[in-house]
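**Q** below are the sequence and a predicted model for it; my questions follow.
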Amino acid sequence: MSKLNIRNHPKIDNVFISGSFENPKLYTKNLVPGKQVYGEKLIKRNGKEYREWNPYQSKLAAILINQPKTNFLKQGKNCLYLGAASGTTVSHFSDILENGVIYAVEFAERSMRQLIQNTAERKNVIPILGDARHPIEYAKNIFTEIDLIYQDIAQPNQAEIAVKNCKYYLQDKGILILAIKSQSIDSVSKSKKVYKEEQKTLEKGGLDILESINIHQYAENHLVLIGRKKPI
Ligand SMILES: C[S@@+](CC[C@H](N)C(=O)[O-])C[C@H]1O[C@@H](n2cnc3c(N)ncnc32)[C@H](O)[C@@H]1O
């Protein structure tokens with residue numbers, strides 16, 4: 001069998017690809033060599049260990065496969081992650097942002113226990129048991145400026161929750177990545193209408209929408225909005 005040609009992603013720091021750029025497989029370099037987080041494949045090449053990154057298991061991978069125009073992933077950036085679950089995507093953020101900090105908020109205690117176990121050796125992840133609807137409650141856990149908010153929580157008022165967190169934590173010109181599941185908001189309305197309403201809420205809340213990315217192929221009924229906080 002031919003060896004995978006794992007190489008730098010041409011546009012994104014600390015993300016790696018094999019195959020063609022148009023139809024790539026994605027990887028991140030494992031910050032904790034030898035350790036899997038969710039059963040992902042570990043691959044050794046030239047003294048480095050890579051973790052395979054499946055777009056069906058992580059919406060962030062699905063976003064990158066769709067080649068966003070906004071380059072929001074950079075080493076050293078600090079990220080507030082809302083809806084961390086057991087840490088699948090958080091762990092890839094941790095590999096990519098390296099010296100940046102990921103504040104990983106999750107309100108389900110069971111998921112939080114798994115998140116703590118899964119990220120115990122990752123020094124740049126701070127798990128926070130908290131409810132994203134009440135951002136002030138976790139303020140004492142956040143001690144750096146936030147460059148990026150990533151939200152994936154499947155709640156009915158997703159955009160409103162994102163706006164609250166952006167107002168409270170995101171620095172001016174910081175980036176919001178919001179995964180919207182249309183059926184969490186309204187199972188009857190047409191998806192397009194739901195996405196439009198959510199976009200309006202973000203705009204009214206002080207964000208410029210830079211792009212929208214349809215990831216239905218990997219996550220049913222999901223659209224991702226990428227916004228930038230307007231300076232006040
Ligand atoms: C779709 S899962 C997230 C998957 C995760 N982003 C990943 O890719 O690994 C949604 C998570 O959001 C959490 N969640 C939902 N509402 C929340 C809230 N208000 N505050 C914090 N977490 C919440 C759920 O408990 C669940 O673990």
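**A** Done, it's in. Numbering: from 1, shown residues only.
**Q** which strands border the longest strand along the chain, and is each parallel or antiparallel?
**A** Assignment by DSSP state E gives strand 170-181 as the longest strand of the chain. The strands beside strand 170-181 in its sheet (DSSP bridges) come out as strand 146-151 (parallel), strand 222-229 (antiparallel).
**Q** counting by contacts, list what the lengthiest helix in the chain packs against.
**A** Assignment by DSSP state H gives helix 191-204 as the longest helix of the chain. With contacts defined as 3 or more C-beta pairs under 8 Å, 6 or more residues apart in numbering; DSSP states H and E, helix 191-204 has these neighbours: helix 158-169, strand 170-181, helix 182-185, strand 207-214, strand 222-229. Placement of C-beta: from N, CA and C, glycine included.
**Q** quick revisit: need the strands paired with strand 170-181 in CSV (columns: mean neighbour count, distance to the ligand and mean pLDDT).
**A** CSV is the format used below for the strands paired with strand 170-181 (neighbours: other C-beta atoms under 10 Å; distance: least, C-beta to the nearest ligand atom, whole Å; pLDDT from 0 to 100):
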stretch, mean neighbour count, distance to the ligand, mean pLDDT
strand 146-151, 23, 8, 98
strand 222-229, 23, 9, 96
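**Q** output these as JSON lines; include the columns distance to residue 73.
**A** Shown next, in JSON lines, are the strands paired with strand 170-181 (distance: least, C-beta to C-beta, whole Å):
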{"stretch": "strand 146-151", "distance to residue 73": "8"}
{"stretch": "strand 222-229", "distance to residue 73": "12"}
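**Q** which parts of this protein sit against the ligand?
**A** 58-59, 83, 85, 88-89, 105-108, 111, 131-133, 152-155 (C-beta under 6 Å from any ligand atom).
**Q** which among those residues count as buried?
**A** Applying 16 or more other C-beta atoms under 10 Å to the residues of the chain next to the ligand, the neighbour count classes 58-59, 83, 85, 88-89, 105-107, 111, 132, 152-153, 155 as buried.
**Q** turn the residues you listed into JSON lines, columns for pLDDT and secondary structure.
**A** Below are these laid out as JSON lines (pLDDT from 0 to 100; DSSP: H, G, I helix; E, B strand; the rest coil):
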{"residue": "58", "pLDDT": "98", "secondary structure": "coil"}
{"residue": "59", "pLDDT": "98", "secondary structure": "helix"}
{"residue": "83", "pLDDT": "98", "secondary structure": "coil"}
{"residue": "85", "pLDDT": "98", "secondary structure": "coil"}
{"residue": "88", "pLDDT": "98", "secondary structure": "helix"}
{"residue": "89", "pLDDT": "98", "secondary structure": "helix"}
{"residue": "105", "pLDDT": "98", "secondary structure": "strand"}
{"residue": "106", "pLDDT": "98", "secondary structure": "strand"}
{"residue": "107", "pLDDT": "97", "secondary structure": "coil"}
{"residue": "111", "pLDDT": "98", "secondary structure": "helix"}
{"residue": "132", "pLDDT": "98", "secondary structure": "coil"}
{"residue": "152", "pLDDT": "97", "secondary structure": "coil"}
{"residue": "153", "pLDDT": "95", "secondary structure": "coil"}
{"residue": "155", "pLDDT": "83", "secondary structure": "coil"}
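**Q** good, we can wrap up now.
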